[in-house]
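A.B. asks: For reference, the sequence and a predicted model appear below.
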Amino acid sequence: MHLLLPLIFVFALVYGPGLWVRKVMSRYSSPQDRYDGSGSELARHLLDGHDLPHVKVEETANGDHYDPLEKVVRLTPENFNGRSLTAVTVAAHEVGHALQDANGYAPLRIRTRLIMLTRPLERLGAGILMAAPLIGVLTRAPLVSLLMILGGIMSLGTTTLVHLLTLPTELDASFARALPMLEKNTILKPVDLPHARRLLKAAALTYLSASLASLLNIARWWTLLRR
């Protein structure tokens, strides 16, 4: 019983943000025709209005994001084609990252470099995770469990660390870029502004919440290996 409260706290800390993000995104995804223009159309309009015609807007299945290397705003199908409050707000958030890039926003550049630097580490960690069970079967070495933990930290922990360190970049894209654009251009219905602020907070936490949840896989692997 004395372990129950700490476990509840850990699960709330790890899964709570992700559940909240999904709930907020889903809540404002309907009605799907709340606005005249789609998320992709709004993104194109905002980019052109800031003299960024070279930045493309594309549909993707790999999560809403801005690619600073390819200069592309990528939106998931529901936000690319959708006309909901979620679609237009998320589109504005990703355009916010494009504005950061255009303005030479230093934290975005640091995040891009961190991602490029940690990517080989993540791949090495994934390789260790794949090889560790085979090594364990062949050698029955007790250090295999430590290899699994090391691989998990390298592949999942580095991602979480990057998102945690660069959370201010996400908040800036939401509240210093996207929200002023939405307000200045009177894009949103007045009644939607408080809800848009909630959505922008959720957009800023999306990647961090997802990577936090993935960290529990390390604990799960450790538990399985100790059996």
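C.D. replies: Happy to help now that I have it.

A.B. asks: Tell me which stretches of this structure form helices.
C.D. replies: 4-27, 39-49, 77-80, 85-102, 106-139, 144-152, 158-165, 167-171, 179-184, 193-226 (DSSP state H).

A.B. asks: Least reliable of the ones you listed by average pLDDT, please.
C.D. replies: In terms of average pLDDT, helix 144-152 trails the rest of those, at a mean of 57.

A.B. asks: which residues sit against stretch 169-186?
C.D. replies: For stretch 169-186, the external contacting residues (CB atoms under 8 Å, 6 or more residues apart in numbering) are 46, 49, 88-89, 92-97, 99-100, 105, 107-108, 111, 187-188, 193, 196-197, 200-201, 203-208. Placement of C-beta: from N, CA and C, glycine included.

A.B. asks: Centre-most residue in the chain?
C.D. replies: Nearest to the geometric centre of the chain sits Tyr207, at 2.2 Å (CA atoms, centre = their mean).

A.B. asks: Distance of that residue relative to Gly18?
C.D. replies: Relative to Gly18, Tyr207 is positioned 10 Å away (CB to CB, to the nearest Å).

A.B. asks: Who are the contact partners of the closest residue to Thr60 other than its chain neighbours?
C.D. replies: Distances taken as CB to CB, 6 or more residues apart in numbering put Arg74 closest to Thr60, at 4.0 Å, once the chain neighbours are dropped. Residues near Arg74 by CB under 8 Å, 6+ apart: 57-60, 62-67, 94.

A.B. asks: Arg27: which of those is nearest?
C.D. replies: Nearest to Arg27, judged by CB to CB, of the contacts of Arg74 is Asp64 at 16.7 Å.

A.B. asks: re earlier: what subset of the contacts of stretch 169-186 is buried?
C.D. replies: 46, 88-89, 92-97, 99-100, 105, 108, 111, 187-188, 196, 200-201, 203-208 (16 or more other CB atoms under 10 Å).

A.B. asks: next one: phi and psi at Pro31?
C.D. replies: Main-chain torsions, Pro31, degrees, to the nearest 10: phi -70, psi 150.

A.B. asks: Now for the nearest residue to Ser26 once chain neighbours are set aside, how many residues are close by?
C.D. replies: Leaving out its chain neighbours, the residue that sits closest to Ser26 by CB to CB, 6+ apart is Thr86, at 8.0 Å. The number of residues packed near Thr86 is 26, by other CB atoms under 10 Å.

A.B. asks: Relative to Leu208, how far out is Thr86?
C.D. replies: Thr86 is 18 Å from Leu208, by CB to CB.

A.B. asks: who's in contact with the residue lying closest to Pro168 once chain neighbours are set aside?
C.D. replies: Excluding the flanking residues, the one nearest Pro168 by CB to CB, 6+ apart is Pro107, at 6.1 Å. With contact set as CB under 8 Å, 6+ apart, Pro107 has these partners: 100, 166, 168-169, 172.

A.B. asks: Quick check: Pro107 vs Val191, distance?
C.D. replies: 33 Å.

A.B. asks: Would you mind checking the contacts of Arg74 for buried ones?
C.D. replies: Buried among those (16+ other CB under 10 Å): 57, 60, 64-67, 94.
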